[in-house]
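Q: requesting a structural model of the entry that follows:
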Amino acid sequence: MADKGSSSTLKPLFITTGLLAVSTVMVVSYLTFSPSSEAPDTAIHNNQNASTPSAAVSSSTNASALPTELKNGITESQLLAMLPKAAADDDTAVQDRQPLTLWQAGQKSPLVEPGELRVEQVIANPDYLEQLEVGRKVEFVIPHTGESVAGEIAGQDLTNNGITTYDLKLNDNNPLTGGHAVRGKISTDFVVVTDSGNYTISINNKTGAGQVIDDRDLHIYRKHPDAIPVATGTPPKPTS
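A: Below you'll find the model as predicted:
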C-alpha cells in the first residue's frame, strides 16, 4: 500500500513539471521567433524619415545594431536592401533643395607688395558646379572680406559651342547686386557684384581649385585713363 500511495503522490508532480516545461518552451520560442512589439513603431519611424538623406544614412549605419528578433533570419545585406532609402534629389522641387555652396575660402593669401595683384584662393565641390540650374539657391563667401552671400540662379542659356551661362540674383534680388556664371569645359567662371565690391572667380571644373580677384585691385594694370579725352574750348566757326 505504501508503494501505491507514493506513486499516486508523484503523478501530480510530474504533470505540473511537464506543464511548466512546455510553457517555458513556448515563451522562449515566442521571444526568439516573433517580431518585437517595437517593430511597427520602428518601421513607421523609418518610413517617416525616408525622405531625407540623413535618414537613409542613419538606417544603414544602425542596421547591424538591430535586435536579433527584428532580423528573423534575414542576412544583413538583405536587411539593408529592405530599409527605406532617401528620395532622389530629382524628386524634390528645385527651389526646395538645399542651397549649393559654390565655393569656400581656401588658404589665406599672403600680403602682397604695392604694385602686385592680390589673388585669394577658394575651393569648390566639382559635383556642385554640375548642378547649376534655374531656381537653385546658391551661397558663397568673399574671401577678401569674409562676406557671406546668398541668392539663386534666375536664368540659364546654352550656347552653340556647349558653354552654359547663368544669371544670378543675390541678396534677396537686390538690384545693386547680382552676377553671371559661365561654365565651360575646363573652368566655371563667375562675375559677381556684392555689397562689398565686384569680384571675378575662376574655378577648375575637375579639381575645384579656384581664385578670386577684387576688381579694384586691377588698377595696377590701368596705365592710362579709361576715359577718352574730349577737346575743350570754343569750336571753330564753319567757313562760308
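
Q: tell me where the protein has strands.
A: For the chain, strands defined by DSSP state E occupy the ranges 100-105, 120-123, 137-142, 147-158, 164-170, 178-183, 187-193, 198-204, 209-214.

Q: with distance to residue 220 added, can I get those in JSON lines?
A: Bear in mind the C-beta positions are built from the backbone N, C-alpha and C, glycine included. Shown next, in JSON lines, are the strands of the chain (distance: least, Cβ to Cβ, whole Å):
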{"stretch": "strand 100-105", "distance to residue 220": "23"}
{"stretch": "strand 120-123", "distance to residue 220": "16"}
{"stretch": "strand 137-142", "distance to residue 220": "20"}
{"stretch": "strand 147-158", "distance to residue 220": "23"}
{"stretch": "strand 164-170", "distance to residue 220": "27"}
{"stretch": "strand 178-183", "distance to residue 220": "24"}
{"stretch": "strand 187-193", "distance to residue 220": "19"}
{"stretch": "strand 198-204", "distance to residue 220": "15"}
{"stretch": "strand 209-214", "distance to residue 220": "11"}
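
Q: among the ones you listed, which comes closest to residue 114?
A: Residue 114 lies closest to strand 209-214 among those, at 15.1 Å (Cβ to Cβ).

Q: can you give me the mean pLDDT across the closest one?
A: Strand 209-214 carries an average pLDDT of 94.

Q: which residues touch it?
A: Contacts to strand 209-214, defined as Cβ atoms under 8 Å, 6 or more residues apart in numbering, come from residues 103, 106, 117-124, 142-144, 197-204.

Q: swap the cut-off to 6 Å and go again
A: 103, 119-120, 122, 124, 143-144, 197, 199-203 (Cβ atoms under 6 Å, 6 or more residues apart in numbering).

Q: and which of those is nearest residue 190?
A: Using Cβ to Cβ, the shortest approach to residue 190 within the contacts of strand 209-214 belongs to residue 201, at 4.2 Å.

Q: how close does residue 182 get to residue 150?
A: From residue 182 across to residue 150, the span is 21 Å (Cβ to Cβ, to the nearest Å).
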